[in-house]
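Enquirer: Pasting the sequence and the predicted coordinates here, then a few questions.
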Amino acid sequence: MHIILASGSPRRRELLGMLGVAFSVRPSQADETIALGTPPQEAVVTLAKRKAEAVWAQLDESERRDAVVVAADTVVAIDGDILGKPRDAHQALTMLTRLRGRTHLVYTGVCVRTASAEEVAFAETQVRMRPRDDAWLRRYVATGEPMDKAGAYAIQGYGSLLVESIAGDYYNVVGLPLGLLDEMFNRLGLQLTSLGPPV
Ligand SMILES: Cc1cn([C@H]2C[C@H](O)[C@@H](COP(=O)(O)OP(=O)(O)OP(=O)(O)O)O2)c(=O)[nH]c1=O
């Protein structure tokens, strides 16, 4: 088995690395546009599949035989809208202003693809944000941290100071729900870690 992480995200690399899993990385160049009005659960699953398929298409016959391609996509959802990665600092501030003092949902879609099968699933985590004033949010945006993060914050960074509480998997918010990934490997008859299948 050769695990290929179809991602350019350093967070996903770190999370998978935490489990002591041997894998290689091939960032996918898949198009991340999705039709307006698509429910977030459907959007993350569609995009994760698209990312996995784009990398699968680049593998040659011999690589495909034992390849297990893992891809994921994370979005924030609030009031029926999807917030992806902000385009610029202005949009980051708009997103953070919208999220402050309220509860939103974070979805990560995961796709695991092999030569004979494909598993897709998503995880949902509820995040409650603290109220922070405009000046604080502007200083946060100026750190640059929000720029490549869905919803314009990183729970694992300075953004931790924005979070009041969460319900659900923390790793889902960071971009890769590890427990779900383990389960998906299992459904495919594969073992993600040396710990074996969860009982
Ligand atoms: C909400 C939140 C998101 N994020 C990140 C996870 C994802 O990397 C990113 C959402 O963008 P994605 O499009 O899911 O992923 P990506 O473009 O970073 O990487 P790739 O498509 O190559 O796999 O936001 C955090 O790191 N912390 C957070 O608290």
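Expert: Perfect, thanks for sending it. Numbers count the residues shown, from 1 in each chain.
Enquirer: Mind jotting down where the helices sit in this structure?
Expert: Read by DSSP state H, the chain holds these helices, from start to end of the chain: 10-18, 40-58, 61-66, 89-99, 134-142, 170-174, 178-187.
Enquirer: and V76, which of these is closest to it?
Expert: helix 89-99 (7.3 Å; Cβ to Cβ). Placement of C-beta: from N, CA and C, glycine included.
Enquirer: Return the alpha-carbon coordinates of that closest one using PDB.
Expert: Extracted in PDB, the C-alpha atoms of helix 89-99 (Å, rounded to 0.1, in the frame of the first residue of the first chain):
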ATOM      1  CA  ALA A  89      -7.400  40.900   3.700                       C
ATOM      2  CA  HIS A  90     -10.700  42.800   3.200                       C
ATOM      3  CA  GLN A  91     -12.700  39.600   2.600                       C
ATOM      4  CA  ALA A  92     -10.900  38.000   5.600                       C
ATOM      5  CA  LEU A  93     -12.100  40.800   7.800                       C
ATOM      6  CA  THR A  94     -15.600  40.500   6.400                       C
ATOM      7  CA  MET A  95     -15.700  36.800   7.200                       C
ATOM      8  CA  LEU A  96     -14.300  37.200  10.700                       C
ATOM      9  CA  THR A  97     -16.800  40.000  11.500                       C
ATOM     10  CA  ARG A  98     -19.600  37.700  10.300                       C
ATOM     11  CA  LEU A  99     -18.400  34.800  12.500                       C
END
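Enquirer: what's the burial count for the residue lying closest to G168 once chain neighbours are set aside?
Expert: Once flanking residues are discounted, G168 sits nearest to T125: 3.2 Å by Cβ to Cβ, 6 or more residues apart in numbering. Using other Cβ atoms under 10 Å, T125 is surrounded by 20 other residues.
Enquirer: can you pull the contacts of T125?
Expert: Applying Cβ atoms under 8 Å, 6 or more residues apart in numbering to T125 gives the contacts 105-106, 166-170, 172-173.
Enquirer: Repeat the analysis, applying 7 Å as the threshold.
Expert: Residues near T125 by Cβ atoms under 7 Å, 6 or more residues apart in numbering: 106, 166-169, 172-173.
Enquirer: and the gap between the residue most central in space within the chain and the ligand?
Expert: In the chain, the residue lying closest to the centroid (Cα atoms, centre = their mean) is G175, at 2.9 Å. Using Cβ to the nearest ligand atom, to the nearest Å, G175 is found at 3 Å from the ligand.
Enquirer: Give me the distance between that residue and A142.
Expert: G175 sits 23 Å away from A142 when distances are taken as Cβ to Cβ, to the nearest Å.
Enquirer: Would you mind listing what in the chain touches the ligand?
Expert: The chain comes close to the ligand at residues 7-9, 11-12, 27, 32, 51, 72-74, 76, 85, 106, 148-151, 153-156, 159, 173-175, as judged by Cβ under 6 Å from any ligand atom.
Enquirer: Are any of these buried, and if so which?
Expert: Listed as buried from the residues of the chain next to the ligand are 7, 9, 11-12, 51, 72-74, 76, 85, 106, 149-151, 153-156, 159, 173-175; burial here means 16 or more other Cβ atoms under 10 Å.
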